[in-house]
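> no sequence on hand, only this structure:
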């Protein structure tokens, strides 16, 4: 699989124009000049694509007897791969930016860039118009002198914020689509201590098991359950700790801490007290375990 470490080399492969800057690239697709089919490749930067009347024959759900073009936002981040087989009937625009751009402007870019590669964001007409408006402003300042970089990045931030809010709308409009992710997370959580472990459960662990990124999984869990993924994890660990304090009289609290994956017993004690208002020892000694 081919890895493209910079925007310019990927543009050459795809058939896009040379970027004006090595850290950010904005443009419209020139479909007749583009590579329309490719084996999986990966990139070492970030991409947001907005495509209208788009048909990708490489996706698993493609049905040649029921072709349905979409207008959607597509997102790529580093270390994830994907191929394509697209029909030359679409139009759209793209925004590409380097890891360095994000690190140098972290105050503008927070969580969204860790969403990773996932299902497209299907746009309604109003959302498409908003994105096109912001994109036009970005392109204006991209084509001007570099002293306008701050203005350009501000518009990039607005675009990303819009896309993030539109994803939350998509979560709400079709919860059935995301319920398998929630149930998968809950089942993995339930089974966590049925295997050898060396740490307490983390959102990162469950995200990797589900083939998602932590922020994307967290947003789905929070939107559909009204509790964050980390809150679910904490509730689960506390429930397991109470169970062990009740049933495992052969283990002291230090041994229970290690069995739960805590590296330091004192951290387990602080964590338990914060959640329950009692230390594990006091919880056990005062008979606070529910029979």
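That came in fine, so what should we check first? What you see is a predicted model, and the numbers here were worked out from it, not measured in a lab.

> buried set for the helix or strand harbouring residue 149?
According to DSSP states H and E, residue 149 maps onto helix 149-173. By 16 or more other CB atoms under 10 Å, the buried positions in helix 149-173 come out as 149, 152-160, 162-164, 166-167, 170-171. For every residue, glycine as well, the C-beta is placed using N, CA and C.

> what helices or strands is it leaning on?
Applying 3 or more CB pairs under 8 Å, 6 or more residues apart in numbering; DSSP states H and E, one finds that helix 149-173 contacts strand 46-54, strand 70-76, strand 91-97, strand 121-122, helix 125-142, helix 214-225.

> and the angle for it with helix 214-225?
Helix 149-173 runs at 40 degrees relative to helix 214-225, counting by axes from the mean of the first three to the mean of the last three CA atoms, to 10 degrees.

> what does helix 149-173 rub up against?
Residues outside helix 149-173 that contact it (CB atoms under 8 Å, 6 or more residues apart in numbering) are 24, 48, 73, 75, 95, 97, 101, 105, 108-109, 111-113, 115, 121-123, 127, 130-131, 134-135, 137-138, 141-142, 178, 219-220, 223-224.

> next secondary structure element downstream of it?
Following helix 149-173 in sequence, per DSSP H and E, is helix 175-191.

> and that following helix, what's buried?
In helix 175-191, counting by 16+ other CB under 10 Å, buried: 178, 181, 182, 184, 185, 189.

> now for that helix, which elements pack on it?
On a contact count with 3+ CB pairs under 8 Å, 6+ apart, helix 175-191 meets helix 203-210, helix 214-225, helix 229-247.

> figure out which of those helices is closest to residue 4.
Closest approach to residue 4 among these is made by helix 214-225 (22.8 Å; CB to CB).

> tell me what the lowest-mean-pLDDT helix or strand in the chain is packed against?
Lowest mean confidence among the helices and strands of the chain (mean pLDDT, DSSP states H and E): strand 121-122, at a mean of 79. Helices and strands touching strand 121-122, by 3+ CB pairs under 8 Å, 6+ apart, are strand 70-76, helix 149-173.

> can you redo the ones you listed as TSV with distance to residue 7?
Output for those, formatted as TSV (distance: least, CB to CB, whole Å):
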stretch	distance to residue 7
strand 70-76	12
helix 149-173	14
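
> could I get those as TSV with distance to residue 205 and mean pLDDT?
As requested, these are arranged in TSV below (distance: least, CB to CB, whole Å; pLDDT from 0 to 100):
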stretch	distance to residue 205	mean pLDDT
strand 70-76	23	85
helix 149-173	22	82
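
> of those, which is nearest residue 285?
Using CB to CB, the helices and strands packed on strand 121-122 put helix 149-173 closest to residue 285, at 45.0 Å.

> next, the angle from that closest one to strand 70-76.
If you take the same axes, to 10 degrees, helix 149-173 sits at 120 degrees to strand 70-76.

> ends of stretch 208-228, how far apart?
Terminal residues of stretch 208-228 are spaced 17 Å apart (CA to CA, to the nearest Å).

> buried sites along it?
210, 212-223.

> check pLDDT for these and point me to the minimum.
Note: of the buried residues of stretch 208-228, the lowest pLDDT belongs to residue 213, at 74.

> where does the protein have low pLDDT?
79, 109-119, 145-146, 174, 287-291 (pLDDT under 70).

> show me the contacts for residue 132.
50, 93.

> repeat that for residue 227.
Contacts of residue 227 were listed using CB under 8 Å, 6+ apart, and they are 221, 235.

> what about it? Give its phi and psi, please.
When read as degrees, to the nearest 10, the backbone of residue 227 gives phi -130, psi 140.

> against residue 228, how distant is the closest residue to residue 48 other than its chain neighbours?
Nearest non-adjacent residue to residue 48, counting by CB to CB, 6 or more residues apart in numbering: residue 95, 4.6 Å away. Applying CB to CB, to the nearest Å, the value for residue 95 to residue 228 is 29 Å.

> repeat for residue 29
From residue 29 to residue 228 the distance is 37 Å (CB to CB).

> do the same with residue 65
Distance, residue 65 to residue 228, by CB to CB: 42 Å.

> ok, back up a step: what sits up against the least confident helix or strand of the chain?
70, 71, 72, 73, 74, 75, 163, 166, 167, 170.
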